[in-house]
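> model the structure of this input:
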Amino acid sequence: MNTHHAVTELSRLTLGFVPLTDAALLVIAREGGFFADQGIDVTLSRENAWSTLRDKVAAGLLDGAQMLAPMPLAMSLGLGRAPCDTLAPITLSRNGNTVVLSSSLCEASGAALGDDPAASAKALGDIKRRDSSGHRPRLAMVYPFSCQHYQLQDWLALGGLDPQRDVELLVLPPPRMVEALQSGTIDGFCAGEPWGSLAAHRDSGRIVATGDQLWPGQPEKVLGVTRSWVHRYPATLAALLRGIAAASDWLGASPEHSRKARDWLALPPYLDHAVCHLDDLNLNHPPIAQQLYGEGVLRPSPTLAERFAEHLQRHLSQHGRRLDLATLSECYSPVHFDAALHQ
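Predicted coordinates for the structure are as follows:
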């Protein structure tokens, strides 16, 4: 049944996503008909690298996209590319990241997942300090301006490790993490699901810490759209937000819906075989505790951006700049969310 509230400026649009379980709300909204209920036909375009997705949104080749939570702010500030004012009018997920070390490194160091993420970080730090060869573990993250990068830095610091001096950090797209770990190209990574649990399933790596342990309840993915797009297509944005919110409500209504969502994610255009080790989306369960539904989960807020904003401020200060708090507030303002959902 078509339940859209207003005529939208666009009837067809394309959103980008990176193959991760927290693309689920976009996939559910498309496959479950929640976008169609709002009178919009949404195509989802799989992008394997965050930088590619970012540039396509900025160039107008995508109407919007699933984005890393810090990405709209980084784009607006001109970090990593020319400035492009970008907004995050809805949160798509909270938590969901894992820190993974190779099985061989875990065995050598004793690093393991426990209640305190500092224990595994200290285990890595201890073996690094005992190693006189000068070898630096190679650890991958998904994008320089990401919660994965910042959570990995914070985890290393718990073990007394300097990210610049004691390890080698490199950027890899999430779908390449497990393969790189298996081949020995990297010694560990921090990425969103399903890549951490897939590494553990294949016995090529072990989860030693999670984003929920390091930054509990942190917004992880958002819908990112340029400010000019929002001004040009306000009714279309409202329809998108209502469709995503309906998908979230549906997902939280029944455990069976989590299994159905997993089946949709396993379709070839989305995550394909990368989720075959999962029976469902395994939401809200520790230690990963990924959240895609629940009271207040989707509503953006500048306050919830403060943790990664601190890391961005450190980066800016190294270049003689300061974080523009007005830009921060605009990026993560709930004004569009509240208007669309009548909050």
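> I'd say residue 219 and residue 67 touch.
No: with contact defined as C-beta atoms under 8 Å, residue 219 and residue 67 do not form a contacting pair (10.8 Å). C-beta here means a position set from N, CA and C on the backbone, and glycine is covered the same way.
> look up how far residue 7 lies from residue 257.
Using C-beta to C-beta, to the nearest Å, we find residue 257 at a distance of 30 Å from residue 7.
> correct me if wrong: residue 301 contacts residue 334.
Yes: look at residue 301 against residue 334 with C-beta under 8 Å: they come within range, at 6.1 Å.
> ok, back up a step: the more surrounded of residue 257 and residue 7?
residue 257 (19 against 10; other C-beta atoms under 10 Å).
> what sits up against stretch 123-143?
Residues lying outside stretch 123-143 but in contact with it, judged by C-beta atoms under 8 Å, 6 or more residues apart in numbering, are 50-51, 68, 71, 101, 105, 108-112, 148-149, 152, 156, 159-161, 166-174, 177, 180, 185-192, 208.
> average pLDDT for it?
For stretch 123-143, mean pLDDT is 94.
> first vs last residue of that stretch, how far apart are they?
End-to-end distance of stretch 123-143 (C-alpha to C-alpha, to the nearest Å): 26 Å.
> that one: how far from the chain's middle?
Averaging C-alpha positions (C-alpha atoms, centre = their mean, to the nearest Å) puts stretch 123-143 25 Å from its chain's average.
> ditto for stretch 48-60
On C-alpha atoms, centre = their mean, the centre of stretch 48-60 falls 15 Å from that of its chain.
> then stretch 64-74?
Using C-alpha atoms, centre = their mean, the offset of stretch 64-74 from its chain centre is 9 Å.
> tell me the buried residues in that stretch?
64, 65, 66, 67, 68, 69, 70, 71, 72, 73, 74 (16 or more other C-beta atoms under 10 Å).
> TSV please, covering those residues and showing pLDDT and distance to residue 270.
Shown next, in TSV, are the buried residues of stretch 64-74 (pLDDT from 0 to 100; distance: C-beta to C-beta, whole Å):
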residue	pLDDT	distance to residue 270
64	98	17
65	98	14
66	98	11
67	98	17
68	98	18
69	98	21
70	98	24
71	98	20
72	98	23
73	98	27
74	98	26
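> quick one: which of these sit in strands?
Using DSSP state E, the members of these that fall in strands are 64, 65, 66, 67, 68.
> and which of those residues is nearest residue 326?
residue 67 (20.2 Å; C-beta to C-beta).
> give the next helix or strand downstream of the lengthiest helix in the chain.
The longest helix of the chain (DSSP state H) is helix 234-252. Scanning forward in sequence from helix 234-252 by DSSP states H and E, the next helix or strand is helix 255-265.
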